[in-house]
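Colleague: take a look and give me a structure for this.
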Amino acid sequence: NVARSRRMVGLFINTIPCRVAIADRQEVLPWLQSIQAQQVASEQYAYTPLVKIQAASNLPQNAPLFESIVVFENYPVSTTASANGDGVEIVALESLEQTNYPLTLVAVLESELLLKMSYDTSRFSADTVARMLEHFQQLLAGIVTQPETPIDRLPLLTPTELHQRDNWQQPQSYPSQSCLHQHFEHIAATRPDQIAITCGEDRWTYAQLNERANQLAHHLRNHCGITTDTLVGLCVERSLHTILGILAILKAGGAYVPLDPDYPTERLTFIVEDAHLNIILTAASSRERCPQPHEQLICLDGDWALIATQPTTNPTHHSTPEQLAYIIYTSGSTGVPKGVLITHHNVLRLFASTQSYYQFNSSDVWTMFHSYAFDFSVWEIWGALLYGGRLVIVPFWISRSPEDFAHLLRHEGVTVLNQTPSAFVRLIQSAALSDENTHTSSLALRWVIFGGEALDLASLQPWFERTTGDSNAQTAQLVNMYGITETTVHVTYRLITQADVNAGRGSIIGRPIGDLRLYILDAGLQHLPIGVAGEIYVGGDGLARGYLHRDELTAERFIADPFVPGERLYKTGDLAKYLPTGELEYLGRSDHQVKIRGFRIELGEIETILSQHPAIVQTVVLANTSSSGQQQLVAYCVTAPDTEQRQPSTTELRTFLGNQLPDYMVPAAFVMMAQFPLTTNGKLDRQALPAPDLSAELANSYVAPQTELEQQLAAIWADVLGLERVGREDNFFAIGGDSILSLQIIARANQAGIQLTPKQLFTYQSISTLATVAGTGAVITAEQGIVTGSVPLTPIQQWFLAQELPHPEHFNLSMLLMVPEELDAGYLQQVLTALVSHHDALRLAFTLSDEQNWQQYQTGMRDELPQLAVVDLGQLSPVEQTERLTEICSQQQASLDLGVGCLLSATLFGMGAGQPQRLLLVVHHLAVDAVSWRILLDDLQLAYEQVSGGETIRLPAKTTSWREWSQQLAGADFGGELAYWQGQAAQQCASFTFRSARGEYGGVDGDGFGVTG
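Modeller: Just a heads-up that it's a prediction; the model follows:
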């Protein structure tokens, strides 16, 4: 229609964007007709430039209006055309389309329909595009053959792909002939004297545990009337009583309902009412926090005299594997928790279907790290007891202290460790496992099994770096297992290797375990292709019965399997995609559920409870990432108009929620708003919600510290948490603290002379309460500054030097640290110089006298020592980097010279742009041990923070100089003690047996010991 356009050189084709909507269950033909009508109506805008359409939309300026385009070639040219019958004849026609869009589909209609796809190779692989065309072809065939079918029911996968899915998972059946407690009774009969459970110094053998559980089970039957599927509450702290109660309830024929005493009373009361609990087992330590049952409360320690009158024999069993074993309550979207019904068979088939992976046995030592109200504990408890292993019950405060938990793993010889990924990251970052040599040689771990939340593979890099190359280490296998409570703990299995980490892969969850079916489906329950995100549906023997007293919700979440008649599927709400290998990659939640500290949380439940506050009219709760990299909950609230003058404080809201929800469901921050931002469609604009400002929030409830100690603690908290100030009543965890930051708090406090432990910080969570238990150091009178001169050899030094080792300089401890890319080598050199100057033992020099006797001296500072070596590995490939780094580390470990007066060596490795550096520290064993490593690292961190901040380096005062310590050991006061121990060593000792980390038994006799003076 443009004047003289026929005389112009074109191409005069304009693109009309088409916004396509698909209604639920819309049929194909009406949908195609609506698109055709829309296209015709849009012709009036054909001359509108795309840039103007973009400007009229609500898209950001840099966002593309569309990223895919369909080109239908329909040129008015025929290959049979000729000029006057004998002119030029077109024998072949081919056009070239070139666009700047990531994906272009070209359709050419000749004697048959030809489809071509051009694509951006940086975003799509050839295999992906080939699959797209196959799926499009399958879709077109479905439209032709099934024109009245709803669009979301049209087939997408080819028959070959459907057959491939069947081959990827071939579930087997693992029938159960008995119940959980009967399996335990068999183990108790065959291994009566083997230790079954321990908690601190308390321990019971299988026989002792079985007999006590039998007595309690008889009591429950005879005095409480427990029968098949009777629900019994269990409200005890983590202890031997936890396992005793679970076993006894099962033996009596009932099912246990966990009531963690650390949960709010309101939540526990709801569970008691919802489950109609007539009987609850408790103990004296948790009785005050235990809600009252409808009929009877049994105190396991207080009432034990009566319980102990019952027989110790196994009760007669009338149970079947299909009976209930337990009910665990999970978060509910309506604000009401829901109880999941799990049977004995659900649990037994879990272990039967995974035993080929793990080969669990009686030599295994497990930890019960998690609350028994968290279904990960089911795997921990029965993984030990079904195979005759030992279960170590971890006290709550130890589970929150990575240092103490690492020591427990080492002390107990744990072989099977189950962790949420975030807990494991904190564990491997702890100082107790930061030494490569200590880690690889002292842990007995066979398996580390992840569950409870998405696994970030990159977080495992430090673990693999410490274990690689140590031929003496018994390296643990790492496994990622995806699962949900409704499908009995675990659903998939995937062994994680260093190659996975190096490849930068996503959260791979592998394939379903032996007896489960797993599908990735769209909203219409249709199979989705490789690489396309969809919802996970699970079928098989792991599915729970459903939800207690929630028939409608059970029917909604446990649906009929459209692929296997007569079977069920569980609709998980989790998103994943298939990889070309048939494995699955986890992508997150499809709804508003999140996982915090391993607990699955319905954000809607928190919103429902919070909206019940009289001053709140609207609320939304989101999960975001804190400054320390941890996930935290943030609540956004709109208050009623008439409450402006009495806007609720964050303390008030926390208390309100804390009375009804567990602590992990109470938001870390609250943001008060006049109104919520909305999108152009009138929906809540979550992206526009402001980031929480904890400093402003705390200003409203600030109470100034009163004593000098409170002021010191408040200053440390504020510095570590990045806050302007901290009040004496502020809760550490409510203002952004977490387990990782708690370690920094303790280190800073100890450096300031304030003695704190992780247990104290977890128990006393405010400045005012913590100050009442914090200890202050004694007045330090030790020699300060650089101490030089001759120093007596200590007994252990005399022993070492008397060995006449061929390479005594190689008897050292080393540590390879991952440090930030921006760490400055110049600052680090100043820090190392300060460390050697401050710690006298690092300046020791050892020489032989003319009489061939060893002597040690403390030297002064030398300008050239210590010298930081800087090595750039950035130009090498990852494999070459590892090889070169290993080579240099070996050289540095052999480079110390005992005679020069510097027992520390340091090397900084640059790994390339965007990559953390590596710092190798080597210190001779004559100057450092595992304990003093922590002191050195704390001092190194403190000194670097000071020098990089423009401050003078000031390290904590020495409590005792090396010279003073050596002189004390050489003094007369220790002569009596030396004589005593030499006398003890001279006595003949009877041989004793010991058990190695591998479970082997051996003998040692008294001739193997000696004492050196």
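Colleague: pretty sure residue 123 sits against residue 129.
Modeller: No: using CB atoms under 8 Å as the test, residue 123 is too far from residue 129 to be in contact (10.2 Å). All C-beta atoms are positioned from the backbone trio N, CA, C, and that covers glycine.
Colleague: tell me which of those two has more neighbours.
Modeller: Neighbour comparison, residue 123 and residue 129: the larger count goes to residue 129, with 15 against 10 (by other CB atoms under 10 Å).
Colleague: got the confidence number for the more buried one?
Modeller: Looking at residue 129, its pLDDT is 92.
Colleague: what does residue 988 give?
Modeller: pLDDT, residue 988: 60.
Colleague: need the residue closest to the centroid of the protein.
Modeller: The structure's the chain has its C-alpha centroid closest to residue 421; by CA atoms, centre = their mean the separation is 1.9 Å.
Colleague: let me see the contact set for the closest residue to that one other than its chain neighbours.
Modeller: Among residues not flanking residue 421 along the chain, residue 455 sits closest, at 4.6 Å (CB to CB, 6 or more residues apart in numbering). Contacts for residue 455 (CB atoms under 8 Å, 6 or more residues apart in numbering) come out as 421, 480, 496, 507, 586.
Colleague: distance check, residue 412 against residue 676.
Modeller: Separation of residue 412 from residue 676 (CB to CB, to the nearest Å) stands at 51 Å.
Colleague: circling back to that earlier point, most neighbours among the contacts of residue 455, please name it.
Modeller: residue 480 leads the contacts of residue 455 on contacts (other CB under 10 Å) with 24 neighbours.
Colleague: which ones are touching residue 527?
Modeller: Contacts of residue 527 by CB under 8 Å, 6+ apart are 156-157, 161-162, 165, 519-521.
Colleague: name the nearest of those relative to residue 253.
Modeller: Ranked by distance to residue 253 (CB to CB), the contacts of residue 527 are led by residue 519 at 36.1 Å.
Colleague: give me the secondary structure label for that closest one.
Modeller: Assigned with DSSP: H, G, I helix; E, B strand; the rest coil, residue 519 falls in the strand class.
Colleague: how about residue 538?
Modeller: Here residue 538 is recorded as strand under three-state DSSP.
Colleague: who does it form a beta bridge with?
Modeller: residue 518, residue 570 (DSSP bridges).
Colleague: for residue 128, see how far away it is.
Modeller: For residue 538, the distance to residue 128 equals 27 Å [CB to CB].
Colleague: now, among the contacts of residue 455, which is nearest to residue 754?
Modeller: Distances from residue 754 to these, taken by CB to CB, are shortest for residue 421, at 32.3 Å.
Colleague: dump the residue contacts of the closest one.
Modeller: Taking CB under 8 Å, 6+ apart, we find residue 421 in contact with 450, 452-456, 459.
Colleague: can you turn the buried part of these into a PyMOL selection?
Modeller: To isolate the buried members of the contacts of residue 421 in PyMOL, using 16 or more other CB atoms under 10 Å:
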select buried, resi 450+452+453+454+455+459
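Colleague: now the contacts of residue 421 as TSV including secondary structure and pLDDT?
Modeller: Shown next, in TSV, are the contacts of residue 421 (DSSP: H, G, I helix; E, B strand; the rest coil; pLDDT from 0 to 100):
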residue	secondary structure	pLDDT
450	strand	95
452	coil	84
453	coil	81
454	coil	81
455	coil	85
456	coil	80
459	helix	79
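Colleague: and the nearest residue to residue 894 once chain neighbours are set aside, what pLDDT?
Modeller: Excluding the flanking residues, the one nearest residue 894 by CB to CB, 6+ apart is residue 810, at 5.1 Å. Per-residue pLDDT puts residue 810 at 78.
Colleague: okay, residue 810 and residue 887: tell me how far apart.
Modeller: 16 Å.
Colleague: the two - which one has more neighbours?
Modeller: The neighbour comparison of residue 810 against residue 887 (other CB under 10 Å) goes to residue 810, with 15 against 10.
Colleague: thought the more buried one was touching residue 892?
Modeller: No: using CB under 8 Å, residue 810 is not in contact with residue 892; the gap is 10.7 Å.
Colleague: for this protein, which helix or strand comes out least confident on mean pLDDT?
Modeller: When each helix and strand of the chain is scored by mean pLDDT, DSSP states H and E, strand 1001-1004 comes last, with a mean of 38.
Colleague: so which of residue 538 and residue 128 has more stuff around it?
Modeller: residue 538 (24 against 15).
Colleague: tell me the contacts of that one?
Modeller: So, once contact is read as CB under 8 Å, 6+ apart, residue 538 ends up touching 484, 487, 491, 512, 516-518, 569-570, 572.
Colleague: distance of it relative to residue 511?
Modeller: 12 Å.
Colleague: list residues touching both of those two?
Modeller: Both residue 538 and residue 511 are in contact with residue 518, where contact means CB under 8 Å, 6+ apart.
Colleague: picking that back up, among the contacts of residue 538, name the buried ones.
Modeller: The neighbour count (16+ other CB under 10 Å) marks 484, 487, 491, 512, 516-518, 569-570, 572 as buried among the contacts of residue 538.
Colleague: how about those, which pair is most distant?
Modeller: 484 and 517 (14.6 Å).
Colleague: could you chop this structure up by domain?
Modeller: 12-155, 178-319, 594-692, 708-776, 789-969, 976-1008 (automatic domain parsing).
Colleague: distance from the chain centre to the third one, please.
Modeller: Same thing as domain 594-692. Put simply, domain 594-692 sits 24 Å off its chain's centre (CA atoms, centre = their mean, to the nearest Å).
Colleague: ok, now the first one?
Modeller: Chain-centre distance of domain 12-155: 45 Å, with CA atoms, centre = their mean.
Colleague: over to the fifth one?
Modeller: In terms of CA atoms, centre = their mean, the gap separating the centre of domain 789-969 from the centre of its chain is 33 Å.
Colleague: can you pull out the helices in the stretch 601-750 of the chain?
Modeller: Using DSSP state H, counting those that start in this stretch, the helices of the stretch 601-750 of the chain run over 603-610, 650-658, 694-699, 708-721, 739-751.
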